[in-house]
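Engineer: turn this into a model:
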Amino acid sequence: MRDLLRTTRSGFNLVETIVASMILSGAVLTLGAISTNALTSTRLNEHYRTAAQLIDRQLQYIDSVGIDQFIESEPAEGVVQELDPGYQWQVSTEYYGTDNVYIVTITVSWMERKTPYTLSAQTMLNGASTITSADAEEGAPR
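Structural biologist: Model (predicted):
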């Protein structure tokens with residue numbers, strides 16, 4: 001009779017319960033790691049998007065002022081303190097050698113958890129023309 005009672009008990013023993021708990025814990029830890037990586041990537045992408053907007057804003061400013069006036073009067077670097085984590089921008093210009101065309105490079109950098117990040121964009125802008133109408137007439141085909 002005692003043997004009959006032992007064999008009819010249903011349920012989980014201790015080893016099965018421990019194994020199931022370990023599998024469940026591993027699954028929860030894996031999901032937590034995936035979520036953390038996703039949030040970190042989202043935050044980093046947000047910083048890159050902000051840096052791209054700062055580059056676009058600086059290029060629009062240079063285009064509205066004119067590259068010649070910008071080179072003569074404006075500072076070529078600055079800090080944007082109103083945005084977190086604090087972005088630094090730098091503009092470098094190089095004369096291309098063809099009728100006042102400049103290569104403009106804008107670099108935005110920031111720190112995220114002691115890691116430096118940088119985003120750069122390069123374009124060409126026309127300055128005031130150095131060709132006069134007399135030069136153009138001389139070079140025009142007759």
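Engineer: need the residue closest to the centroid of the chain.
Structural biologist: The residue lying closest to the centre of the chain (C-alpha atoms, centre = their mean) is residue 48, at 1.8 Å.
Engineer: how far away is that residue from residue 54?
Structural biologist: Separation of residue 48 from residue 54 (C-beta to C-beta, to the nearest Å) stands at 11 Å. Using the backbone N, CA and C atoms, a C-beta is placed for each residue, glycine as well.
Engineer: follow-up on the earlier one: for the residue nearest to the centre of the chain, give its distance to residue 125.
Structural biologist: Plainly put, residue 48 is 24 Å away from residue 125 if you go by C-beta to C-beta.
Engineer: repeat that for residue 107.
Structural biologist: Remark: distance between residue 107 and residue 125 (C-beta to C-beta) = 16 Å.
Engineer: can you tell me the helix or strand for residue 51?
Structural biologist: Per DSSP states H and E, residue 51 falls inside helix 14-65.
Engineer: cool, and residue 92?
Structural biologist: Using DSSP H and E, the element containing residue 92 is strand 87-95.
Engineer: check which helices and strands that strand is in contact with.
Structural biologist: Contact partners of strand 87-95 among helices and strands, from 3 or more C-beta pairs under 8 Å, 6 or more residues apart in numbering; DSSP states H and E: helix 14-65, helix 67-73, strand 77-80, strand 101-112.
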